[in-house]
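> Fold the following, please.
(4 chains)
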Number of protein chains: 4
Amino acid sequence: MTGEESTKIVNRLKSIEEHVRGVTKMVEDDAWCIDIINQISAVQAALQMVNLLMLDQHLHTCVTTTLRSDNMDERTEMIGQIMNVFEAKGKFN
Amino acid sequence: MTGEESTKIVNRLKSIEEHVRGVTKMVEDDAWCIDIINQISAVQAALQMVNLLMLDQHLHTCVTTTLRSDNMDERTEMIGQIMNVFEAKGKFN
Amino acid sequence: MTGEESTKIVNRLKSIEEHVRGVTKMVEDDAWCIDIINQISAVQAALQMVNLLMLDQHLHTCVTTTLRSDNMDERTEMIGQIMNVFEAKGKFN
Amino acid sequence: MTGEESTKIVNRLKSIEEHVRGVTKMVEDDAWCIDIINQISAVQAALQMVNLLMLDQHLHTCVTTTLRSDNMDERTEMIGQIMNVFEAKGKFN
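Okay, here's the model as predicted:
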């Protein structure tokens, strides 16, 4: 990643960290369950956006470079990693 | 929630906050994209577990109380809120 | 479910069945992968809508009746079933 | 796709179509809501597996060919399509 892109993602993650801290406070303050659940879903959505940005980066840089190389094993390995991300998506969310 | 349950959830959220901070550091250290994506997916899974715990609590307490009451409007409203949680699940993750 | 609601859901499922048949034909006709993937995602979304309709029904009828009963075991069992639906959601999609 | 891979996917889709027909019958027979919801989730999981097989194919064939070409526009377009699949995944399921 370029420095600029990296900074943008770091800033998003810092704001997500802040958001989680806010949710913790809601639980400590005994807020309404549904409000807490909704805030947690919002944090998950924000993380999902970071994942999409990371993946977009990855496809434009490492994946493109590897798939353009002549090393068939590395190409297969790279595709396997992308497939894992898709499968995990199904499992985790 | 009882104090004990609340403490358990607060502890999980604090550990999630720590986890997000770790991911931020990975981005700053220019770690491998796929590793970062996998860590973010792990955070999402941990948040999902908190959401399930919150929802379980909610069903055993507020939802049960409301559905046992004679106020039909509140019962309908409560069911609507649970449905929203299910729908949001589809949208966000 | 009333007969009317049941008919509505049956009709949706029949249209989903038709949709799956259309996707099969796309594969046989060697259509563009991304188009096939998008159609499968559309079928998943349509199934999700049926699940939401079923769940809404279920909350308004069986769940309400059970949570209003005095049988604590059945109430706990019912809440456990709803939680399973939420957890499966995370695992399957 | 080779004929063999295509046949495998067609067979999966035909079995999914059968499965949907089974769910329709469950609704007509007034089966237990939770059982219906679980069967629909199983159909969604089966569709997800087809999507993963399609995507894996796509990455090994079209995506690799395009990313290895010298047409920068087509490469960007191809990456955009893969990103859309990931984003849709978040929205639909």
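> Who are the packing partners of the helix or strand hosting A:Glu4?
In the assignment (DSSP states H and E), A:Glu4 maps to helix A:3-28. With contacts defined as 3 or more CB pairs under 8 Å, 6 or more residues apart in numbering or on different chains; DSSP states H and E, the packing partners of helix A:3-28 are helix A:33-58, helix B:3-28. The way it works is simple: take the backbone N, C-alpha and C, and place the C-beta from them, glycine included.
> Pick the most buried one from these.
Comparing those by mean neighbour count (mean count of other CB atoms under 10 Å in any protein chain shown), helix A:33-58 ranks first with a mean of 20.
> So is that one next to chain C?
No: Helix A:33-58 lies out of reach of chain C by CB under 8 Å from any CB of the partner chain, never closer than 10.4 Å.
> on that earlier part again, quick check: mean pLDDT across the helix holding A:Glu4?
The average pLDDT for helix A:3-28 rounds to 96.
> what inclination does it have with respect to helix B:33-58?
Calculated by axes from the mean of the first three to the mean of the last three CA atoms, to 10 degrees, helix A:3-28 forms an angle of 20 degrees with helix B:33-58.
> average model confidence for the helix or strand where A:Asp73 lies?
For A:Asp73, the host element (DSSP H and E) is helix A:72-92. For helix A:72-92, the mean pLDDT works out to 84.
> That one - contacts with which helices or strands?
Using 3+ CB pairs under 8 Å, 6+ apart, the elements in contact with helix A:72-92 are helix A:64-68, helix B:33-58, helix C:72-92, helix D:33-58, helix D:72-92.
> tell me the angle it makes with helix A:33-58.
Using the same axes, to 10 degrees: helix A:72-92 against helix A:33-58 is 170 degrees.
> mind checking how far helix A:72-92 is from the chain centre?
Centre-to-centre, helix A:72-92 and its host chain are 15 Å apart (CA atoms, centre = their mean, to the nearest Å).
> Could you check how far the helix holding A:Glu4 is from the centre of its chain?
Here helix A:3-28 is found 12 Å from its chain centre; the criterion is CA atoms, centre = their mean.
> Then stretch A:31-45?
How far stretch A:31-45 lies from its chain's middle: 18 Å, per CA atoms, centre = their mean.
> Residues contacting it, please?
Stretch A:31-45 has contacts (CB atoms under 8 Å, 6 or more residues apart in numbering or on different chains) with A:16, A:19-20, A:22-23, A:26-27, A:93, B:44, B:47-48, B:50-51, B:54-55, B:57-58, B:62, B:81, B:84-85, B:88-89, B:91-93.
> And stretch A:49-61, by the same measure?
Residues from elsewhere that reach stretch A:49-61 (CB under 8 Å, 6+ apart): A:1, A:5, A:8-9, A:12-13, A:16, A:82, A:85, B:33-34, B:36-37, B:40-41, D:79, D:82-83, D:86-87, D:90.
> now swap in stretch A:64-84 and tell me
So stretch A:64-84 is contacted by A:59, A:62-63, B:34, D:52, D:55-56, D:59-60, D:63-64, D:67-68, D:75, D:79 (CB under 8 Å, 6+ apart).
> Pick out the residue closest to the middle of chain A.
Centroid-nearest residue in chain A: A:Asn51, 2.3 Å away (criterion: CA atoms, centre = their mean).
> and the gap between it and chain C?
Using CB to the nearest CB, to the nearest Å, one obtains 16 Å as the distance from A:Asn51 to chain C.
> now do A:Arg12
Distance from A:Arg12 to chain C, by CB to the nearest CB: 23 Å.
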